[in-house]
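J.: Next one to model:
(one chain, ligands or ions: 1)
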Amino acid sequence: MKALIPAAGLGTRFLPATKALPKEMLLVVDRPAIQYVVEEGLASGADEVVIINSRDKKVIEEHFSPAPALVETLRQKEKHAFADAVEYAGNLNVSYVYQDEALGLGHAVRCAHEKTLGEPFFVLLGDVLVPENNMLSRMKEISDAHAGASVIAVLPVAEEEVSRFGVIDGVAIGEDVWKVSRLVEKPAREDAPSNLTVFGRYLLSPRVMELLEGAKPGAGGEIQLTDALDALLQEEEMYALVIKPTDGFDTGTIESWLETNNALYARR
Ligand code: UTP
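T.: Got it, this is the predicted structure:
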């Protein structure tokens, strides 16, 4: 099973900071955001972690490449902890596929279809962090308990915030598990079927890759993963794992990135 990390977006909300530095490379306490995501993917038991990258964001690949000269310099200066950290990042086992144009998250995921070999796969958004690395294994357990169905992570938010997110409709079937019947993108507060919002971690059935083939642009002119998940719901079951606000962190806006830094710094 592969873990796909889409990281080819434009990072518009952070401009001009992201003019030359990818959003996924922004610092979170002591390392770039995407390093947490790669570590989580590797901890999940996935046999390969694949970053879906843009050809303009090579600095992501540089971060995950060995830097023997730097390590040597640090060792000569007896800065062994830093040398170890550099070596560790350079040895994380990642591969890459490319999205040549940022046509949307659904399009980015489809760019990795040859990697997934018709098997279920994880999608980990490159700007969402799960520092304890435990969410994917829990999602796999839920999938296994339901004949390999797709499972998405959802985060409860305050009612006045639902209209900023994708929201699920469905029924609770356990303490933290829902059976999903519908996905609603950015509903008005009074139309929201729940306060459970789609949160950056997915375990998806291989049918999603087929549904993404030739998918048409949806909201914002982008090829949306949510549209493919909606189509999937017509054919297959889907479950949601309800996570706690302390389990996952969004770094996708300036405000949430600052909050994530503060929260994770305080945890050290
Ligand atoms: P976002 O919508 O949060 O990222 O997508 P973005 O598009 O870079 O940000 P804005 O909206 O312009 O500010 C979530 C993840 O999906 C990736 C992004 O890199 C991010 O990690 N993504 C998004 C792609 O890989 N390709 C796309 O076409 C869109």
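
J.: quick one, helices of the chain?
T.: 33-43, 58-63, 68-76, 80-91, 105-110, 113-116, 135-145, 207-212, 225-233, 254-267 (DSSP state H).

J.: got the buried residues for the third one?
T.: Neighbour counts using 16 or more other CB atoms under 10 Å place Val71, Leu74 of helix 68-76 among the buried residues. Where you see a C-beta, it was placed from the backbone N, CA and C, and this is true even at glycine.

J.: ok and it relative to helix 80-91, angle-wise?
T.: 160 degrees (axes from the mean of the first three to the mean of the last three CA atoms, to 10 degrees).

J.: The longest one too?
T.: With the same axes, to 10 degrees defining the directions, helix 254-267 sits at 130 degrees from helix 80-91.

J.: Show me what helix 254-267 is packed against.
T.: Other elements packing on helix 254-267 under the criterion 3 or more CB pairs under 8 Å, 6 or more residues apart in numbering; DSSP states H and E are strand 27-28, strand 249-250.

J.: let's go with 10 Å and repeat that
T.: On a contact count with 3 or more CB pairs under 10 Å, 6 or more residues apart in numbering; DSSP states H and E, helix 254-267 meets strand 27-28, helix 33-43, strand 128-129, strand 249-250.

J.: could you measure the residue in the stretch 1-150 of the chain positioned nearest to the ligand against Glu101, distance?
T.: Proximity of the stretch 1-150 of the chain to the ligand (CB to the nearest ligand atom) peaks at Gly9, 2.2 Å away. Remark: distance between Gly9 and Glu101 (CB to CB, to the nearest Å) = 11 Å.

J.: just Glu213 next, same as before
T.: From Glu213 to Glu101 the distance is 17 Å (CB to CB).

J.: Same check on Leu232?
T.: 24 Å.

J.: got it, and Glu160?
T.: 35 Å.

J.: hmm, back to that, including mean pLDDT, could the helices and strands packed on helix 254-267 go into CSV?
T.: What follows is the helices and strands packed on helix 254-267, written out as CSV (pLDDT from 0 to 100):
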stretch, mean pLDDT
strand 27-28, 96
helix 33-43, 96
strand 128-129, 92
strand 249-250, 92
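
J.: tell me the most buried of the ones you listed?
T.: strand 128-129 (a mean of 24; mean count of other CB atoms under 10 Å).

J.: Spell out which residues of the protein are next to the ligand.
T.: Proximity of the chain to the ligand is confined to 6-13, 23-24, 52, 99, 102-105, 107-108, 125-127, 252 under the rule CB under 6 Å from any ligand atom.

J.: isn't Leu103 right up against Ala8?
T.: Yes. Applying CB atoms under 10 Å, one finds Leu103 in contact with Ala8, separated by 9.4 Å.

J.: Please identify which of these two sits among more neighbours.
T.: Neighbours were counted for Leu103 and for Ala8 using other CB atoms under 10 Å; Ala8 has more, 27 against 17.

J.: Nice, that's everything, thank you.
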